[in-house]
Each structure stands twice: as structure tokens, then as C-alpha cells.
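1. Structure of the sequence below:
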Amino acid sequence: MNGETVTQPGSKALEMDQITLTRNARDILSQKQTLLLNKPPGIVSAQAEDGYLPAARLLTRKNHIGPVPWRKVATDLAAAGRLDIDSRGLLVLTNNGVVAKTLISPNSRIEKEYIVTYTGKISEKKLIRLGHGLSLDGRTLRPAKVHSIGRSTLCFVLQEGRKRQIRRMCEMLELRVISLCRTRIGNIELADLPPGKWRFMAGDEAF
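-> Numbers count the residues shown, from 1 in each chain. Got it, this is the predicted structure:
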């Protein structure tokens, strides 16, 4: 940095600092990949179970779309924030530890947005409780943003990801989830990525 070698992890750089990576560092970074997949229902996020197809099996050249050109997919990718088998939408797979920590660290404040259709009766009181006042597994949930966006459809914005969290939250208030789709993680949106298709995260994108 600025002509001097920096070896201390966590060193801070200012906007005007000039940073040049060593060849070894560039080689390591070139092996890091972060992929964005529109996971369909019936696909598991991680390891195969009970005969269900794991998300990694969808990462074929045929299923890839631009704008970043296709290249060989790394074999050590892992889901950074899972979706349960019945849910669909944006799934991040990465072998970049910094990206994974950003998304799934207990201290992460990255927002995740979900569109949920349900059966049951909603009320202003229930919306308030969904947003603030529920506990799971003996732990109080972080405040969430929850609002109606149409008939029997809710939008959830969470900053955590407990196991089957939204489904369990709804069950507590006598609402049954019919479908659940994750549409955004931080600044990255599902947008028009088709079901079962994936793309590389572009270099100018960040969560």
C-alpha cells in the first residue's frame, strides 16, 4: 500500500491510498467465486438429502446466463444463507470466506427480502407482532419489516436467518405459508434471473 508491503490482517486503507496486490494475492483472488442462483422448490441448498437434488448440481454451463462470461465453476462452493427445500429464490454460493462472513455471521446486518403468500387472517396487530415481539427457540428475534403487498401476500425484510424462520413466525400467528421467495440479499436482487438459472456475481457488485 503506497509502495510499502502490508502484512497485518485487518489493516485499514483510506480512499486516496494506492493498493497493489502481489502476484500470489491476485492468483488467490482469481480462484474466489460468488454465484447467484434462482433456486427452485424441491432443491436443497447444501448436501443432497433423501434423494433431493442439491443446488450445486444446477451450476452447469447450460444453466448459466450473463453478463459475466462462463468459466469453470469451483468445486468448493457453499451456500451462504440457505433456503429450505420448499422455498425458492436468490441463493448465494461462494468459496470466498469474506463474502460468507458478510452474509451469515451472527453479527451480520445484511437485509434479506422475501415475498410470502399465505392462508389465514392477517391484521394490523399480527403485522406488528411479526415485525417485533416474537421469539424462536427461547431467543427474541431481531426487529423485522413486514407489510402487506396484496391479497394474501406479505413482504418480509429480515436481518437474520433462523431455520425456517418465516414459516415458524407465521405459524405462531395462525398463518400458513403457501409460497416463499427470497428476492433480495443486501444490494443484490433476484430481478429477472429465471428459476434454475445462475450467474456469476460481477466485480462491481457488492452486498
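
2. All the helices of the chain, in order from the start?
-> For the chain, helices defined by DSSP state H occupy the ranges 23-30, 97-104, 124-131, 165-172.

3. which parts of the second one are buried?
-> By neighbour count, with 16 or more other CB atoms under 10 Å as the criterion, the buried positions of helix 97-104 are Val99, Ala100, Thr102, Leu103, Ile104. Yep, even glycine has a C-beta here, placed from its N, CA and C like the rest.

4. For the first one, which non-adjacent residue is spatially closest?
-> Counting by CB to CB, 6 or more residues apart in numbering, Val99 lies nearest to Thr34, which is 5.2 Å off, once chain neighbours are set aside.

5. quick one: low-confidence parts of this protein?
-> 1, 7-30, 48-49 (pLDDT under 70).

6. you'd agree Arg82 is up against Ile43?
-> No - Arg82 is beyond contact range of Ile43, at 11.0 Å (criterion: CB atoms under 8 Å).

7. residue contacts, Thr102?
-> Contacts of Thr102 were listed using CB atoms under 8 Å, 6 or more residues apart in numbering, and they are Ser108, Ile110, Phe207.

8. what's the distance between it and Gly81?
-> 10 Å (CB to CB, to the nearest Å).

9. which residues do the two both contact?
-> Residues touching both Thr102 and Gly81 (CB under 8 Å, 6+ apart): none.

10. quick check: domain ranges of the protein?
-> 33-105+191-200, 112-185 (automatic domain parsing).

11. how far is the last one from where the chain is centred?
-> Taking the mean of its C-alpha atoms, domain 112-185 sits 17 Å from the chain's own mean (CA atoms, centre = their mean, to the nearest Å).

12. Same question for stretch 39-49.
-> 14 Å.

13. if we can go back for a sec, grab the two from the buried residues of helix 97-104 that are most spread out in space.
-> Val99 and Ile104 (9.5 Å; CB to CB).

14. shared neighbours, these two?
-> With CB under 8 Å, 6+ apart, Val99 and Ile104 have common neighbours Ala80.

15. can you tell me which residues contact the residue nearest to Val99?
-> Val92, Leu93, Thr94, Asn96, Val99, Phe200, Met201.

16. Need the nearest residue in space to the fourth one, chain neighbours excluded.
-> Taking CB to CB, 6+ apart, and ignoring the residues beside it in sequence, Asn96 has Lys32 as its nearest neighbour in space, at 4.3 Å.

17. again, but for the first one
-> Once its chain neighbours are removed from consideration, Val92 has its nearest residue in Ala80; the separation is 4.6 Å (CB to CB, 6+ apart).

18. Just confirm that neighbour contacts Ala100, I think it does.
-> Yes - with contacts counted by CB under 8 Å, Ala80 reaches Ala100, the gap being 4.4 Å.
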